[in-house]
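Peer 1: coordinates only, sequence not included:
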């Protein structure tokens with residue numbers, strides 16, 4: 001499993017917004033400058049974060065983006081899965097997967113389930129607040 005640039009940048013954007021949440025709506029250009037990320041690339045990412053109801057946005061003067069919830073209420077797993085898709089490492093464990101007719105006899109299924117559980121539980125046990133306070 002590899003987290004793409006898109007997922008990593010989304011997480012950096014969310015952390016930036018969490019660290020500056022007292023400033024209200026933050027213009028995308030400010031986040032891009034602070035994070036050293038192309039504004040164009042952040043425009044793609046922010047659209048998914050807004051559609052996923054993780055951020056709210058306001059256009060026009062004084063506009064920008066802000067978190068919808070407190071940093072403690074964002075699980076890292078939900079951010080990454082929104083941008084990356086399921087943590088499932090094999091297709092039969094994906095949420096939308098059809099039941100596998102080999103599941104009962106599959107010798108490797110317990111291995112994949114164990115790995116999936118480790119990754120899922122790890123990322124869902126961490127919050128934005130954990131990251132910004134260094135409690136990782």
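Peer 2: Cool, got the structure. Because the structure is a prediction, the values reported are computed rather than measured.
Peer 1: all contacts plus neighbour counts: C-alpha atoms, from now on.
Peer 2: Noted.
Peer 1: Would you double-check that residue 57 falls in a strand?
Peer 2: Yes: assessed by DSSP: H, G, I helix; E, B strand; the rest coil, residue 57 belongs to a strand.
Peer 1: I figured it was touching residue 25, is that so?
Peer 2: Yes: contact between residue 57 and residue 25 holds when scored by Cα atoms under 8 Å: they sit 7.4 Å apart.
Peer 1: Need the pLDDT of residue 107.
Peer 2: For residue 107, the pLDDT comes out at 92.
Peer 1: In which helix or strand does it reside?
Peer 2: Residue 107 is part of no helix or strand, with elements assigned from DSSP states H and E.
Peer 1: Neighbours of it, how many?
Peer 2: A total of 10 residues lie near residue 107 under the criterion other Cα atoms under 10 Å.
Peer 1: Can you pull the residues that touch both of residue 57 and residue 25?
Peer 2: 63-66 (Cα atoms under 8 Å, 6 or more residues apart in numbering).
Peer 1: PyMOL command to pick out the buried ones of the residues you listed?
Peer 2: Applying 16 or more other Cα atoms under 10 Å to these, the buried members can be selected in PyMOL as follows:
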select buried, resi 64+65+66
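Peer 1: Quick check: end-to-end length of stretch 69-81?
Peer 2: Distance between the two ends of stretch 69-81: 18 Å, counting by Cα to Cα, to the nearest Å.
Peer 1: Distance to residue 8 for the shared contacts of residue 57 and residue 25 - can I get that in TSV?
Peer 2: Listed next are these as TSV, based on distance: Cα to Cα, whole Å:
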residue	distance to residue 8
63	24
64	20
65	18
66	18
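Peer 1: Can you flag which of the shared contacts of residue 57 and residue 25 belong to strands?
Peer 2: Mapping the shared contacts of residue 57 and residue 25 onto strands (DSSP state E) picks out 64-66.
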